[in-house]
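[1] give me a 3D structure for the following:
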Amino acid sequence: MTACEPGETVGAFLCQAGQLLRAAAIESPRLEARLLLGHAMGATPEQLLRDSRAKVPSEAVARFGAALKARLAHMPMAHILGRQGFWTLDLAVSPATLIPRPDSESLVEAALEVLPDAAAPLRVLDLGTGTGCLLLAVLAERPAAFGIGVDRDPAAAALAARNARENGLADRAAFLAGDWDAALQTRFDLVLSNPPYIESAAIPGLMPEVARHEPGLALDGGADGLDAYRALATALPRLLVPGGIAVLELGQGQRAAVENLAQEAGLRLLGCRKDLGGVERALILAKKPFVAPAPRD
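    Residues are numbered from 1 along each chain as shown. Okay, the predicted model is just below:
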């Protein structure tokens with residue numbers, strides 16, 4: 001029997017799928033088996049555990065088999081499910097974009113901390129917006145803010161616009177396909193960016209979920225991983241209002257190099273926030289002059 005034969009119970013499908021996933025070196029194989037079968041059956045993982053003796057409906061068998069085959073080939077789970085949670089949002093994902101990761105939530109935390117006025121009518125820019133996760137997370141927490149997301153890939157910009165609509169933020173967000181800041185003629189209070197920062201030669205050695213399935217345009221930072229930061233350092237002084245804030249995602253060990261680029265561009269360093277793994281992830285910069293907000297009571 002294979003994990004995709006009809007007439008077997010939920011428990012049997014989960015057991016065999018878990019064994020196959022474990023053999024393929026998939027982390028959390030039991031959980032992923034429940035996610036895949038739940039996706040095929042339109043059920044939650046909790047429902048599957050309660051109904052482990054139920055038969056898998058015949059119409060779900062083929063869907064589960066295709067999903068399991070894709071995951072065994074190391075297609076990211078988010079691409080199979082078509083969704084990924086980020087901050088308080090539920091986002092659609094596609095191969096045109098990076099999958100939002102918890103590490104990037106540190107940028108949202110940093111931005112909200114340094115701009116604490118929830119009623120401020122901020123103008124926010126997200127360069128390399130992908131799914132729109134950074135921009136939409138900030139807009140969800142700052143109801144008077146308006147934002148623009150830019151991505152080189154038209155498919156990514158279209159997906160981000162879809163995510164804005166599905167999360168009730170379309171009236172305060174616009175998305176453009178373009179080359180970084182080339183089409184922008186205004187200035188912003190906050191610029192966010194998770195740029196490509198992987199060294200070109202390192203990409204083939206990344207985990208297969210990333211190297212094979214995520215867009216190279218969003219990964220490849222050039223020979224030293226810093227090409228996008230050089231472009232950002234040049235652009236930020238023009239894009240920011242005086243005192244405006246930029247929050248940039250960093251790769252591991254890149255803080256010093258990116259700080260040097262920012263300082264050479266005349267930007268002020270405000271700090272760096274670590275992610276949950278302790279990696280210096282969110283570099284916080286300001287266009288001079290910057291006046292820190294008054295402490296709250």
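[2] can you list the domain ranges for this protein.
    Listed by automatic domain parsing, the domain ranges of the chain are 10-73, 91-287.
[3] tell me where the stretch 1-150 of the chain has helices.
    For the stretch 1-150 of the chain, the helices defined by DSSP state H, counting those that start in this stretch cover 10-23, 29-41, 45-50, 58-72, 77-81, 105-114, 133-141.
[4] out of these, nearest to residue 95?
    The minimum distance between residue 95 and the helices of the stretch 1-150 of the chain falls on helix 77-81, with 6.3 Å, by C-beta to C-beta. C-betas here are computed from N, CA, C, even on glycine.
[5] where in the stretch 1-150 of the chain is pLDDT low?
    Applying pLDDT under 70 to the stretch 1-150 of the chain flags residues 1-7.
[6] the nearest residue to residue 204 once chain neighbours are set aside - how many residues pack around it?
    Nearest residue to residue 204 in three dimensions, chain neighbours excluded: residue 211, at 5.8 Å (C-beta to C-beta, 6 or more residues apart in numbering). Using other C-beta atoms under 10 Å, residue 211 is surrounded by 16 other residues.
[7] just the strands in the protein please.
    Secondary structure of the chain (DSSP state E): strands located at 83-86, 89-92, 123-127, 146-151, 173-177, 188-193, 240-249, 267-274, 280-287.
[8] now the angle between helix 133-141 and the third one, please.
    Translated: strand 123-127. On the basis of axes from the mean of the first three to the mean of the last three C-alpha atoms, to 10 degrees, strand 123-127 is oriented at 160 degrees to helix 133-141.
[9] residues in contact with strand 123-127?
    Residues outside strand 123-127 that contact it (C-beta atoms under 8 Å, 6 or more residues apart in numbering) are 132, 134-135, 138-139, 142, 145-150, 180-181, 184, 186-193, 195, 232, 235, 239, 241.
[10] now with 7 Å, please.
    Residues outside strand 123-127 that contact it (C-beta atoms under 7 Å, 6 or more residues apart in numbering) are 134-135, 138-139, 145-150, 180-181, 188-193, 239.
[11] from those residues, which would you call buried?
    134-135, 138-139, 145, 147-150, 180-181, 188-193, 239 (16 or more other C-beta atoms under 10 Å).
[12] and the domains of the chain as JSON lines, adding distance to residue 83?
    Formatted as JSON lines, the domains of the chain follow (distance: least, C-beta to C-beta, whole Å):
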{"stretch": "domain 10-73", "distance to residue 83": "9"}
{"stretch": "domain 91-287", "distance to residue 83": "6"}
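[13] how about the contacts made by residue 273?
    Taking C-beta under 7 Å, 6+ apart as the test, what residue 273 contacts is 106, 109, 110, 281, 282, 284.
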